[in-house]
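Undergrad: Have a look; sequence and predicted model below, questions after that.
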Amino acid sequence: MANSTDAKSVDAKSVDADVFVDQQIAHDNIKRTAGWTDVAYHSVTAMVGAGVLGLPSVFAHLGWAGGCIMLAFSFWVSWYTYKLLAYMHEVPDLDSKEGGGIKRLDRYDQLSCYILGKNRGKWVLLPFQIAVLLGMAITYTVVGGNSLHAFTTAVNPEIKLRKWVFYIIFGGLELLLSLIPGFTELSIVSLLGALMSVAYCTIAVAMSGTVQPPAGSVNYEPMAVPRGGLERAMGIFNALTTILFAYSGHNVALEIQATLPRTEAHPTTVKPMMKGINITFIITGIAYFAVAIAGFYAFGTGVADNVLMSFAKGPTSWVVAMADMFVVVHVASAYQVYSQGPTSWVVAMADMFVVVHVASAYQVYSQPVFLLIEATIRERTTGEHLAVQSVGIRIAHVVFVTLVAIMIPFFGSLMGLVGAIAITPTTFLLPPLLWLLYKRPARWSVDWCTNWFLVVVTAVIGTLGTIGAIYGIAEASKSYHMFA
């Protein structure tokens, strides 16, 4: 059995140096040439995404105490489950001695199949993972299109194009980026995305700090907002999984770790992976808590689903435009900023930062989809026309995602829905469950209790969040007209 207790660890000294000669290329054509810094910026790009901009609105439903407690809890759980995945990347190879008896699980579905069996493993994981990868791409298309629209409006208010046009523009730019073959070639794009995510988080915090509301003018009590009982409950449910949406990097964790080499000097990838993960979570923690607390303090329960949109009008609007601008710079390097005065200029820049980041993160989440489909084609065919088929797959993916984004452009509810039905299982529920099945810790031990607690609690949160998110989308769709 792959999950037997006597196969928990690998003696690094037993690894034959000769096995590293031909291990630089993985079976799915993944280049194993990355370092811990690559892990860090790939993970930051995947983790610190558009969800951070929705964290202040979570406090609008949970309040100061509930928001801080839930944010701290989800931060710890996310780090813990990410660590579990990193430690399950290298497992004993019971079928072959190639690689010194070590089998590297380069994709999340490979881990699931290794522990649960081929058929059960795929059906347990793939529906949720595909939902995450597609859901993130759809949500990022909504964010990217909205930010492009905000940027354009900020620099030239005379342009009256409808939002769906910007979704198509963003999709076209993503179509070009999707032709990048894999994670290794995506490094520069991912690094730029990581820098942009830090940049627009900094802008959101700095601009929130400039807001000095008169005493008593901002409401911080969710119960003081006039809502019906059902609406209040659904808002809380959606808020819980909106926080979980912000922690979605686990779905590409093993694909990222797969790019790390095992060498004679470093016979395991766990150490550099954990170094990159820890750096990622330091950056993530600072960004998430700063944006959530500063944004809610500035606007209270009146904060927008996307905190940058709270600055879209008034003397601080130039900051939002600045973030939007840096986002677009990444996806369309030819864009130039045309200032319409000091107030619109910064708002455009802020919107640009967002577009740059989500364009990069879109690709980080799309690569596992491409790798999975291409691996399936390679297994079932001779692979003679794989290059042509790969291009066709990528085009179809971007077109599908863009069309769905046009049909469901509800950022706040989308975050909650994707967080509930997809990110919660793959990020918070499955890693501890797989760890329990793989390691089989003693019943009632700390390890056993911790992981079962996470399985049960996150399953309940995911169920409640799904209900809240579907309610939110249903309510928003009542006043929405496609191509309006």
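TA: Sure, I can see it. Residues are numbered from 1 along each chain as shown.

Undergrad: The residue found closest to Leu454 once you drop the neighbours it is linked to in the chain - how many residues pack around it?
TA: With Cβ to Cβ, 6 or more residues apart in numbering as the criterion, Leu454 has its nearest non-adjacent residue at 4.5 Å, and that residue is Pro432. C-betas here are computed from N, CA, C, even on glycine. Look at Pro432: counted by other Cβ atoms under 10 Å, it has 22 neighbours.

Undergrad: same question, Thr33
TA: Residues near Thr33, counting by other Cβ under 10 Å: 13.

Undergrad: what about it, which helix or strand?
TA: Under DSSP states H and E, no helix or strand contains Thr33.

Undergrad: Surely it touches Pro261?
TA: Yes: assessed by Cβ atoms under 8 Å, Thr33 is found in contact with Pro261 at 6.4 Å.

Undergrad: Flag every buried residue along stretch 148-156.
TA: Using 16 or more other Cβ atoms under 10 Å as the test for burial, stretch 148-156 gives Leu148, His149, Ala150, Phe151, Thr152, Thr153, Ala154, Val155.

Undergrad: so what's the last one scoring on pLDDT?
TA: We note a pLDDT of 72 for Val155 in this prediction.

Undergrad: Then the fourth one?
TA: We note a pLDDT of 78 for Phe151 in this prediction.

Undergrad: what's the distance between it and Val354?
TA: Distance, Phe151 to Val354, using Cβ to Cβ, to the nearest Å: 9 Å.

Undergrad: How about the first one?
TA: Computed as Cβ to Cβ, the Leu148 to Val354 distance reads 9 Å.

Undergrad: same question, the last one
TA: Counting by Cβ to Cβ, the gap from Val155 to Val354 is 15 Å.

Undergrad: hey, where'd the helices end up in the stretch 301-450 of the chain?
TA: 317-331, 342-380, 386-407, 411-418, 430-439, 446-477 (DSSP state H, counting those that start in this stretch).

Undergrad: So which residue is smack in the middle of the protein?
TA: Centroid-nearest residue in the chain: Ser248, 3.7 Å away (criterion: Cα atoms, centre = their mean).

Undergrad: ok, back up a step: nearest to Ala287, out of the helices of the stretch 301-450 of the chain?
TA: helix 342-380 (11.4 Å; Cβ to Cβ).

Undergrad: which parts of the helix or strand hosting Leu84 are buried?
TA: Following DSSP H and E, one finds Leu84 within helix 55-87. Neighbour counts over helix 55-87 (16+ other Cβ under 10 Å) mark 55-63, 66-68, 70-71, 74-75, 77-87 as buried.

Undergrad: Can you check what angle separates it from helix 430-439?
TA: Relative orientation of helix 55-87 with respect to helix 430-439: 20 degrees, computed using axes from the mean of the first three to the mean of the last three Cα atoms, to 10 degrees.
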